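Q: predicted model and sequence below, questions to follow.
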Amino acid sequence: MLAVSGMGKSSGTRAPSPAWRAVAQGVEIRPLVEGEGNALVLYRIAPGLTFQVHRHDFPEYGTLVLGRGRLLLGDRTEELLEGDSYYVPSGASHGFESALQSGPVVILHVAVGHGRKLRTSILGYLQGQARSLVRPSGQPLPGLAARATPEGSRR
């Protein structure tokens with residue numbers, strides 16, 4: 001089955017572009033396409049928010065489309081800039097913090113196998129995850145300050 005969703009104007013058999021949905025304070029998602037337990041979703045994250053460290057039994061992929069932030073993966077912290085992509089292996093401890101000064105962050109998130117493992121809607125899962133994990137960055141991720149990459153050291 002082919003699922004096509006247009007990012008621009010709807011034409012012919014294309015489904016109209018889905019709207020942004022608020023899933024937590026300062027976090028919106030825009031589902032692009034979903035099928036067989038997989039999904040392609042845009043996240044828009046306000047500056048200065050943290051997704052607390054968590055883990056799950058499926059991999060996660062993403063590309064930072066706009067803004068900047070930090071990815072905590074295991075005991076490493078990586079600064080992410082526009083265009084950077086990341087991979088989080090299944091079971092790995094990870095979190096994310098959007099930069100306070102960068103404006104909103106937009107991430108193209110590839111959710112692989114979430115729906116099959118969770119036996120639920122991927123979008124329902126992402127909404128629940130955002131509600132339970134997002135908090136203001138006034139209290140940074142555990143160990144973030146100690147492992148932070150100095151400003152501007154990449155690129």
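A: Right, received. Where do you want to start?
Q: any weak-confidence spans in this protein?
A: 1-17, 114-155 (pLDDT under 70).
Q: what segments of it are helices?
A: Using DSSP state H, the helices of the chain run over 114-118, 122-133, 144-147.
Q: and for Asp57, the neighbour number?
A: When neighbours are defined as other CB atoms under 10 Å, Asp57 has 10 of them. In short, each C-beta sits where N, CA and C put it, glycine included.
Q: quick check: it touching Pro89?
A: No - contact between Asp57 and Pro89 fails when scored by CB atoms under 8 Å: they sit 10.4 Å apart.
Q: the residue lying closest to Leu40 once chain neighbours are set aside and Val110, how far apart?
A: By the measure of CB to CB, 6 or more residues apart in numbering, the closest residue to Leu40 outside its immediate chain neighbours is Leu32, 4.4 Å from it. Using CB to CB, to the nearest Å, one gets 10 Å for the distance from Leu32 to Val110.
Q: so what sits against both of those two?
A: With contacts defined as CB atoms under 8 Å, 6 or more residues apart in numbering, the residues adjacent to both Leu32 and Val110 are 39-40.
Q: distance of Gly95 from Val88?
A: As defined by CB to CB, Gly95 lies at a distance of 10 Å from Val88.
Q: same check, this time on Pro31
A: Look at Pro31 and Val88: by CB to CB, they are 20 Å apart.
Q: with Leu72 instead?
A: Using CB to CB, one gets 10 Å for the distance from Leu72 to Val88.
Q: ok, what's across the strand from the closest residue to Ser85 other than its chain neighbours?
A: The shortest distance from Ser85 to any residue other than its chain neighbours is 4.4 Å, reached at Thr63 (CB to CB, 6+ apart). When bridges are taken as DSSP bridges, the partners of Thr63 come out as Ser85, Leu108.
Q: isn't Thr63 up against Leu108?
A: Yes - the pair formed by Thr63 and Leu108 meets the contact definition of CB under 8 Å, at 4.6 Å.
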